[in-house]
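Peer 1: heads up, no residue letters with this:
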């Protein structure tokens, strides 16, 4: 008689560097947390290309049946704290070319699909966990119109019932060395993501108990 | 033989003052433009109460069959320019009580309704009209979670095919007298709204021609 | 018997465009107010080159005996309102080259001279005049380390007893057309400068009466 | 035969809480670094009252002959990084009452004294040390007009030849928990101050060698 322990898999994505940067904290944190366990969940990390065509395709491949939740990370220079995104819009518009050289002049990501999807992560649960851990963070009402919003929308549209959401990261000490912009040290950001993952893992377990 | 001239009615709403202010530029501009004509359209102005229960009810009454488009105005202190809102969220969350004393701790406006509605105003047409008139303005990706977003969502949800949208106004010279915040003089803001209404009126005529 | 009317001359300077801009609102306003009269004072306008070597030389030539006060104008993109500068520092440091290609890596403007000079304009008088005229504006505690600060320091150092000061202007509607930055329309800015000049003129007359 | 080791004493000051806060990171860091050694220098910490009358008196008592340099710390909510202040102004103006209830409507700190004093700390040396240690930080051109500027001016005026300056600290994770403002974690801030003290200590030794 063998007890099979089925860990929930949380897919954690970061982005590769873009816009001329040699570095992206979202990539660093996703890599650092690969394989970590939070309660009954295990983190599976992946790095997405900053490419409006390849990123969603790559994401679709990552959304295997074992994935029970998705946390996507991305960089938002100028932000002051880590930010849970509330909503993904069915819209793309950007002048900074992605790494494949594409720009978007304003168009729907998925014609005919809903205008937007709210995050299906437990935002309040994570916000409270951050607060209790003494980690500043907030819920943002706009994920922008760039790749971050696109991959967020893609997952919400493709797997409507899957808990999935996006967290924007501010600059870290490496990026902020060049100019007097707001930053949060990478190690501190990573702790915020770990606390979010733990809160999510606990919530997944509670939800599973309720559902099963 | 009688030529019946059927002017399109554009409903233009402002809000009464709130949060202790004695004054709201959105009210002032809506009142100033009452009855003005732009091409074949005529402006019908109304002032909405800053009350999460009464405002949507009042709006519903204003949405008579003659109304061909809706432009809603509201104040957003701290903004630097007039801003066309891109999206209305099905969410309310605010700690600043409305004028009836209500706060919202985070809840759907309309349970079961879509997560969000994109503006049905011709955003690019208005943006270009502003630019050609030398009037700075931009498209914003978040209308907040207060009354402004609520009335915007209400109209988009209630009349899905009606061209309707929201424009946020920055502080004006009266509000900015007390502190060094960004402002745009009221007369200049009003001009931006007139140009938006003219562009909208022209677009309504073109659309009518195409449709009829 | 001839009554000689000796108008006070107020020297009003603006700067030519710099940093690739085709346009500088400080130049436009200085030109527009050339020859205007405010009480017993007459405005004499001049445009300064954005050149750390030529600008102070040119200023010295402009400081003829008839000049009873100096108001210098300059552009500060990103500011939200017109700003009376409180202090000029004996320091230059800038990486954006002036129009002659000079940069400054951090050095005293005048070795051996005082570290700073406070403005000798009647700041409170002008601030109150703005308020009474309904024109937002504030007193700033830093004029930067670029040409604006340099010419301000130069006049205060060269003519210590002369009422002289600097007013920074925000972007106007022309500059702000390209991005969603704070701006104040040029005509509104010009009115703020006119009110400042009138308040200064009145103060000069009062001071002259007291002194004579 | 006894070798007497005369450590340089660096006076490090912080402020007590003010404006209703229960906490001030400048106090915490000053206390944490009390007695630490940096090269041949030893830190002597002191907490200043937020009281425009008592603070300068207390400072004067602290300026004993053994003190070879002074680093003053203070909180500046809203700043994004630690900031070396370039200049102290001979001016006080604040509406937020100090802890003794005083406000200042705009007046000289020391009538007849110079308008301002530049910092006598080696700003570039500290800035480079921060950069080499990977710690974001910048040189600020305004220390405000509150108590921070006052104590900075007081020391520079009272001991003109003593290396002395002010470093403003941003909010930390405790203060930023309540709102989405910029912050730098306290431990990270403390490291920035330690690196500044080490750079200063090394500079004091070099200067002593040169002078002796």
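Peer 2: Thanks, I have it. Remember, it's a predicted structure, so these values are computed and weren't measured experimentally. Residues are numbered from 1 along each chain as shown, chains lettered A, B, ... in the order given.
Peer 1: quick one: the strands in chain A?
Peer 2: Per DSSP state E, chain A carries strands over the ranges A:8-15, A:37-38, A:41-48, A:67-75, A:82-85, A:87-89, A:92-94, A:104-107, A:116-118, A:137-140, A:164-169.
Peer 1: Redo these as CSV? Include distance to residue B:191, mean pLDDT and mean neighbour count.
Peer 2: Backbone N, C-alpha and C define where each C-beta goes, glycine included. Output for those, formatted as CSV (distance: least, Cβ to Cβ, whole Å; pLDDT from 0 to 100; neighbours: other Cβ atoms under 10 Å in any protein chain shown):
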stretch, distance to residue B:191, mean pLDDT, mean neighbour count
strand A:8-15, 42, 97, 23
strand A:37-38, 55, 96, 17
strand A:41-48, 44, 98, 20
strand A:67-75, 38, 98, 24
strand A:82-85, 35, 98, 24
strand A:87-89, 30, 98, 28
strand A:92-94, 26, 96, 19
strand A:104-107, 25, 95, 13
strand A:116-118, 32, 98, 22
strand A:137-140, 32, 98, 20
strand A:164-169, 36, 98, 26
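Peer 1: Please convert those strands to CSV, extending it with distance to chain C.
Peer 2: Below are these laid out as CSV (distance: least, Cβ to the nearest Cβ, whole Å):
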stretch, distance to chain C
strand A:8-15, 25
strand A:37-38, 40
strand A:41-48, 28
strand A:67-75, 21
strand A:82-85, 20
strand A:87-89, 18
strand A:92-94, 14
strand A:104-107, 16
strand A:116-118, 22
strand A:137-140, 18
strand A:164-169, 19
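Peer 1: and chain D, which of those is closest to it?
Peer 2: strand A:137-140 (4.2 Å; Cβ to the nearest Cβ).
Peer 1: That closest one - contacts with which helices or strands?
Peer 2: Strand A:137-140 sits against strand A:82-85, helix A:123-132, with contacts defined as 3 or more Cβ pairs under 8 Å, 6 or more residues apart in numbering or on different chains; DSSP states H and E.
Peer 1: Tell me the residues of chain A that contact chain D?
Peer 2: A:80-81, A:83, A:131, A:134-136, A:138, A:173-174, A:176-177, A:180-185, A:188 (Cβ under 8 Å from any Cβ of the partner chain).
Peer 1: List only those of the residues you listed flagged as buried.
Peer 2: Among those, those classed as buried by neighbour count (16 or more other Cβ atoms under 10 Å in any protein chain shown) are A:80-81, A:83, A:135-136, A:138, A:173-174, A:176-177, A:181-185, A:188.
Peer 1: from the residues you listed, which single one is nearest residue A:17?
Peer 2: residue A:174 (11.3 Å; Cβ to Cβ).
Peer 1: Identify the residues contacting that closest one.
Peer 2: Taking Cβ atoms under 8 Å, 6 or more residues apart in numbering or on different chains as the contact definition, residue A:174 lies against A:23, A:25, A:186, D:134.
Peer 1: could these be laid out in a markdown table, adding pLDDT and distance to chain C?
Peer 2: Listed next are the contacts of residue A:174 as a markdown table, based on pLDDT from 0 to 100; distance: Cβ to the nearest Cβ, whole Å:
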| residue | pLDDT | distance to chain C |
| --- | --- | --- |
| A:23 | 92 | 23 |
| A:25 | 98 | 26 |
| A:186 | 98 | 27 |
| D:134 | 98 | 22 |
